[in-house]
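# Any chance you could fold what I've pasted below:
(chains A and B)
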Amino acid sequence: DTGVSQDPRHKITKRGQNVTFRCDPISEHNRLYWYRQTLGQGPEFLTYFQNEAQLEKSRLLSDRFSAERPKGSFSTLEIQRTEQGDSAMYLCASSLLRETDTQYFGPGTRLTVL
Amino acid sequence: GIQVEQSPPDLILQEGANSTLRCNFSDSVNNLQWFHQNPWGQLINLFYIPSGTKQNGRLSATTVATERYSLLYISSSQTTDSGVYFCAVRETSGSRLTFGEGTQLTVNP
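Predicted coordinates:
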């Protein structure tokens, strides 16, 4: 049973460019979450999917951010017109909706916006 | 939204010492998880413990849900225990995890 994987692990981009990150959840996990973590802080929730439906979005998710989970498998997070304030670690987690619903995290994508 | 407070923010130990990390939360929860974040940023699951006590090797955790706190015990600490420990909770009405700001643990040889 492989864990949550994320790609790329690191991304350096210039302000104003668009970037896209991918997350592959643990097989058969029907819930997928995106979080963002800045230096010295705990992760903050961005959005989550149950199967292919996006059920909740945080106020942190501005209109420059969009997430998809086609077919309820992998997910992508796109940031348009990146700003320096978008520099952070983007973490993906997945869980299997049942009694415990424990979330398991991927290794993250570290974004640096120059 | 729910508030999560962790203490202490920083902790420095000598190898072999024991420690207790605390997590207080402001509302009822149906999920509480403890994580260890390694130097590369990976969040490692330690415990799923919305209530009760669990033990895993040198680590144990206790959550008293009625009093809204959880404790993580580390015994006979090793240098590899160094890193940031996070507590995260989920409100009974939600799906997201809300994290505390973490405890930075440094174990010196």
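# List the single closest residue to the closest residue to chain A within chain B in space, sequence neighbours excluded.
Using Cβ to the nearest Cβ, the single residue of chain B nearest to chain A is residue B:99, 3.2 Å away. In this view, the C-beta of every residue, glycine as well, is placed from N, C-alpha and C. The shortest distance from residue B:99 to any non-neighbouring residue, by Cβ to Cβ, 6 or more residues apart in numbering or on different chains, is to residue A:42 (3.2 Å).
# which stretches of chain B form strands?
Listed in chain order, the strands of chain B (DSSP state E) span residues B:4-7, B:10-14, B:19-25, B:29-37, B:43-48, B:52-56, B:59-64, B:69-74, B:83-91, B:98-99, B:103-108.
# and these as a markdown table, adding mean pLDDT and mean neighbour count?
Compiled in a markdown table, the strands of chain B are given as follows (pLDDT from 0 to 100; neighbours: other Cβ atoms under 10 Å in any protein chain shown):
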| stretch | mean pLDDT | mean neighbour count |
| --- | --- | --- |
| strand B:4-7 | 98 | 18 |
| strand B:10-14 | 97 | 14 |
| strand B:19-25 | 98 | 19 |
| strand B:29-37 | 95 | 22 |
| strand B:43-48 | 96 | 18 |
| strand B:52-56 | 97 | 12 |
| strand B:59-64 | 98 | 18 |
| strand B:69-74 | 98 | 20 |
| strand B:83-91 | 96 | 23 |
| strand B:98-99 | 97 | 22 |
| strand B:103-108 | 97 | 17 |
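# To residue A:103, which of those strands lies closest?
Closest to residue A:103 of these is strand B:29-37 (Cβ to Cβ; 6.8 Å).
# Tally up the residues packed near the closest residue to chain B within chain A, please.
Residue nearest to chain B within chain A: residue A:42 (3.2 Å; Cβ to the nearest Cβ). Number of residues near residue A:42 (other Cβ atoms under 10 Å in any protein chain shown) recorded here: 22.
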